[in-house]
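K.L.:
sequence and predicted structure, then a few things I'm wondering about:
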Amino acid sequence: MLAVLLMTLLSLVVGLLVLAYVAYPYRGRDVPHARWLSRVMRRAADRVPPLPDDEEPLIRRR
């Protein structure tokens with residue numbers, strides 16, 4: 001039961017982080033009352049390599 005609770009909590013936290021990234025740093029704004037979170041998310045997004053141009057049309061078709 002504890003494992004289910006922890007996994008549910010983990011998925012909730014990850015979902016909230018994605019929501020916060022899409023709502024603020026992705027648009028060039030800082031997260032209110034948590035500018036440190038904006039900096040961390042921007043650094044993490046800069047480290048992830050973009051998709052190569054040859055793979056983008058395949059993803060758009062789906």
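P.N.:
Happy to help now that I have it.

K.L.:
which parts of the helix or strand harbouring Gly15 are buried?
P.N.:
Following DSSP states H and E, one finds Gly15 within helix 2-23. For helix 2-23, a neighbour-count test (16 or more other CB atoms under 10 Å) marks Ala20, Tyr21 as buried. The C-beta positions use only the backbone N, C-alpha and C, and glycine is treated the same way.

K.L.:
pull the residues that contact it.
P.N.:
Val31, Leu37, Met41, Ala45 (CB atoms under 8 Å, 6 or more residues apart in numbering).

K.L.:
most neighbours among those, which one?
P.N.:
When neighbours are taken as other CB atoms under 10 Å, the top entry among the contacts of helix 2-23 is Met41 (19 neighbours).

K.L.:
please report the distance of that residue from Leu9.
P.N.:
Distance of Met41 to Leu9, given as CB to CB, to the nearest Å: 20 Å.

K.L.:
adding secondary structure as columns, could you present the contacts of helix 2-23 in CSV?
P.N.:
CSV is the format used below for these (DSSP: H, G, I helix; E, B strand; the rest coil):
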residue, secondary structure
Val31, coil
Leu37, helix
Met41, helix
Ala45, helix
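
K.L.:
can you list those in TSV and add distance to Val18 and pLDDT?
P.N.:
Formatted as TSV, the contacts of helix 2-23 follow (distance: CB to CB, whole Å; pLDDT from 0 to 100):
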residue	distance to Val18	pLDDT
Val31	13	83
Leu37	12	84
Met41	10	83
Ala45	11	79
